[in-house]
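Student: A structural model of the following input is requested.
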Amino acid sequence: MIDQEWLKNAVKSWGDIAKDPKMSIRNLAKQTGLSKHKAVKLIQHVRKPVPETNQEEPIKNTGILHSFDYYYNKETDTYVTFIKPAPKPIVLPGHVHRSMKQAYSNWDGKPATINQICRRFEIPRSWFEDYKRVHEWTHDSEPFTSEEILEKSVEDLVQDALQGRRQRLYQQYEIAKWKEIQRDADRWNQFEQETLNVLSDRLNRSASDYSVPSLNLKDGSNPYVLLVGLTDFHWGSYAWDKETYGEYNRSIAEKRLKETTERILNKLPYKPEEILLPIGSDFFDVDGDVASTTKGTPQDTDGTPTEILVTGCELARSYVDMLRQVAPVRIVMMSGNHDRHNGLALLLYLSAWYRNVDDVNVQLEYKPRVYLEYGNNLIAFSHGDGSSTKPRDLALIVATEAREAWGRTEHHFAFGGHLHHEKVEEHGGLVHYLMPSLSGTTRWAARNGHVDAKPSLQAFMINVDGGIGSVLTVKT
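Tutor: I've put the predicted structure just below:
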């Protein structure tokens, strides 16, 4: 409370100055040396409100008009403010006025913008700009009105500030949650329109609607499976020969794949029991809706991301049909670092397409490493990216993850890619085959000198009684 004796002396000293309606609180405090709060009390004391009879009523009828910038009516808890843009004084309830100031204050580090306040409180921008000027609001102002600071204790103000922060935290949480929901909805809509619908159009049939010819290969005395090492194919990758020492695009990629596979199949001594085909392992060069890898590394591409996904699925389907002319096909996932999700989409696509045929088996496993048993062999598929899947560390991982199969089998093999060249290593009872790639040389590879590996496709004849019978390699 203001001491009455002080107020009496202040009126004598500065009353005439304070009565001037053009004198603001800030200027009065500056000229007299008074604090802002005392200047407010002095002005309220000397500027007695005088009713005017020939003027329209305020926006909210209080029956009072004033000749100075604003007046706070404590009995009704209302603020009457005169601003130039408004045709009449603005009368706001105290809680609205206080909420507006809290929102504009930087007390919680995130003040509302003028546009946000105007939308929330339904006030024209030009009105609010003059309103905050009259009340001398800035982002750096405390979140309380002068009347609150004068009338409330420090403890009450602290509690109010804490409660306001809790409310703002909850509001920001709800806003963030809604934005996340909106982003997810936008992603789904985009995926549905640009990818899912396109794939659905191509799934109006299935493999059961047609048949493929079967090659009449003889049976052999030593059963085996043929593992076709299709890894790092990078469908959709693009290279310009004048920049990378070799051209590469989807047309070249398809030709390489079918020609090298045909040459491998022609080398088979007799019919395999099954053909193992790993899917993924950077079959696609990009992932998602932009021309980049799963982690966002930009790529040079031959086609849009959706075009690459759709045509890649169609190519894989025709490739499986080519292989199943020789023997039944088993498809497994070998998750790559370029196409983590597109590779999975391809696996699901092939599973749906071949759902009603007997000679294609799509193994729906989504783990980082996938295992198969064949006779006396344990076969592991691991793309090879990441420090934990290097050949020297992989034996312990395989023996742990597939411990029962490891114990049942005598021969343990792992097949991977990622580095685009061939290499054989043995660590801890696991023989690791690093398989080559059919893909071309990208700008990145050319600039970093990775141009020595010849594009190749490998296939492995794995005998039922254990071991690799032959490794068939065809270079382009």
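Student: what stretches of the stretch 251-400 of the chain score poorly on pLDDT?
Tutor: 387-389 (pLDDT under 70).
Student: and the strands in it, which stretches?
Tutor: 274-280, 329-334, 360-362, 370-374, 377-381 (DSSP state E, counting those that start in this stretch).
Student: can you list the weak-confidence ranges in the stretch 51-200 of the chain?
Tutor: Those would be 51-68, 108-109, 149-152, 154, 156-158, 160-175, 187-188, 191-200, if you go by pLDDT under 70 across the stretch 51-200 of the chain.
Student: excluding covalently adjacent residues, which one is nearest to Val398?
Tutor: Ala380 (5.0 Å; Cβ to Cβ, 6 or more residues apart in numbering). (Each C-beta comes from the backbone N, C-alpha and C, glycine too.)
Student: show me what stretch 303-315 is in contact with.
Tutor: Stretch 303-315 is touched from outside by 194-195, 198-199, 202, 235-236, 250, 254, 257, 283-286, 288-291, 301-302, 342, 345-346, 349-350, with contacts defined as Cβ atoms under 8 Å, 6 or more residues apart in numbering.
Student: make JSON lines out of the strands of the stretch 251-400 of the chain and add distance to Lys19 and mean neighbour count.
Tutor: Formatted as JSON lines, the strands of the stretch 251-400 of the chain follow (distance: least, Cβ to Cβ, whole Å; neighbours: other Cβ atoms under 10 Å):
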{"stretch": "strand 274-280", "distance to Lys19": "83", "mean neighbour count": "24"}
{"stretch": "strand 329-334", "distance to Lys19": "85", "mean neighbour count": "23"}
{"stretch": "strand 360-362", "distance to Lys19": "90", "mean neighbour count": "19"}
{"stretch": "strand 370-374", "distance to Lys19": "88", "mean neighbour count": "19"}
{"stretch": "strand 377-381", "distance to Lys19": "90", "mean neighbour count": "24"}
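Student: among those, which is nearest Arg133?
Tutor: Shortest distance between Arg133 and the strands of the stretch 251-400 of the chain, using Cβ to Cβ, is found for strand 274-280: 63.2 Å.
Student: report the angle between that closest one and strand 329-334.
Tutor: 30 degrees (axes from the mean of the first three to the mean of the last three Cα atoms, to 10 degrees).
Student: helices or strands up against strand 274-280?
Tutor: Counting contacts by 3 or more Cβ pairs under 8 Å, 6 or more residues apart in numbering; DSSP states H and E, strand 274-280 packs against strand 224-228, helix 305-323, strand 329-334, helix 340-353.
Student: for Ala112, list the residues it contacts.
Tutor: Ala103, Tyr104, Arg120.
Student: would you write a ChimeraX line that selects the buried entries of those?
Tutor: Listed next is the ChimeraX selection for buried residues among the contacts of Ala112, using 16 or more other Cβ atoms under 10 Å:
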select :103,104
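Student: of the contacts of Ala112, which belong to helices?
Tutor: Among the contacts of Ala112, DSSP state H puts Ala103, Tyr104, Arg120 in helices.
Student: and the first one, how far from Lys271?
Tutor: Spelled out, that is Ala103. Between Ala103 and Lys271 the computed distance is 77 Å (Cβ to Cβ, to the nearest Å).
Student: tell me which of the helices and strands packed on strand 274-280 sits nearest to Asn361.
Tutor: Taking those one by one with Cβ to Cβ, strand 329-334 is closest: 4.7 Å.
Student: give me the angle between the closest one and strand 377-381.
Tutor: 50 degrees.
Student: so Asp232 belongs to a strand, correct?
Tutor: No - under DSSP: H, G, I helix; E, B strand; the rest coil, Asp232 falls outside any strand and is assigned coil.
Student: got a markdown table for the helices and strands packed on strand 274-280, with distance to Pro111 too?
Tutor: Below are those laid out as a markdown table (distance: least, Cβ to Cβ, whole Å):
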| stretch | distance to Pro111 |
| --- | --- |
| strand 224-228 | 62 |
| helix 305-323 | 40 |
| strand 329-334 | 51 |
| helix 340-353 | 40 |
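Student: out of the ones you listed, flag the one nearest Lys295.
Tutor: helix 340-353 (8.7 Å).
Student: now that closest one: buried residues?
Tutor: Quick answer for helix 340-353 (16+ other Cβ under 10 Å): Arg340, Asn342, Gly343, Leu344, Ala345, Leu346, Leu347, Leu348, Tyr349, Leu350, Trp353.
Student: so which of these is the closest to His432?
Tutor: For those, the nearest to His432 is Gly343 (20.8 Å; Cβ to Cβ).
Student: for burial, what's the neighbour tally of the closest residue to Asp321 other than its chain neighbours?
Tutor: Leaving aside its sequence neighbours, Asp321 sits nearest to Val212 (Cβ to Cβ, 6+ apart; 5.0 Å). Number of residues near Val212 (other Cβ atoms under 10 Å) recorded here: 15.
Student: begin at 23 from now on, thanks
Tutor: Done: numbering now begins at 23, and the last item shifts to Val234.
Student: Val234 contacts Leu345, doesn't it?
Tutor: No - Val234 is beyond contact range of Leu345, at 9.6 Å (criterion: Cβ atoms under 8 Å).
Student: quick one: Val102 is in a strand?
Tutor: Yes - counting by three-state DSSP, Val102 is found in a strand.
Student: tally of neighbours for it?
Tutor: For Val102, using other Cβ under 10 Å, the count is 23.
Student: what of Lys63?
Tutor: The number of residues near Lys63, taken as other Cβ under 10 Å, comes to 19.
Student: what does the one 4 residues further on give?
Tutor: The burial metric for His67, expressed as a neighbour count using other Cβ under 10 Å, is 16.
Student: how close does it sit to Pro245?
Tutor: For His67 relative to Pro245 (Cβ to Cβ), the value is 107 Å.
Student: per-domain residue ranges of this protein.
Tutor: The chain breaks down by automatic domain parsing into domains covering 23-70, 242-497.
Student: distance to Ser168 added to those domains, as a markdown table?
Tutor: Formatted as a markdown table, the domains of the chain follow (distance: least, Cβ to Cβ, whole Å):
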| stretch | distance to Ser168 |
| --- | --- |
| domain 23-70 | 5 |
| domain 242-497 | 52 |
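Student: right, and those domains - which one's nearest Pro109?
Tutor: domain 23-70 (19.0 Å).
Student: mean confidence for that closest one?
Tutor: Mean pLDDT, domain 23-70: 78.
Student: quick one, phi psi at Lys497?
Tutor: phi -100, psi 150 (degrees, to the nearest 10).
Student: so what pairs up with it in the strands?
Tutor: With DSSP bridges as the criterion, Lys497 is bridged to Ser478.
Student: wait, Ala108 touches Ser148, no?
Tutor: No - in this structure Ala108 lies outside contact range of Ser148 using Cβ under 8 Å: 9.0 Å.
Student: could you check which of these two is surrounded by more residues?
Tutor: Ala108 (17 against 13).
Student: which non-adjacent residue is nearest the more buried one?
Tutor: Closest to Ala108 by Cβ to Cβ, 6+ apart is Trp149, at 5.7 Å.
Student: neighbours around the one you found, how many?
Tutor: Neighbours of Trp149 (other Cβ under 10 Å): 16.
Student: can you verify it is assigned to a strand?
Tutor: No - Trp149 sits outside any strand when classified using three-state DSSP, being helix.
Student: was I right to think it contacts Thr103?
Tutor: No - counting by Cβ under 8 Å, no contact exists between Trp149 and Thr103, whose distance comes to 9.5 Å.
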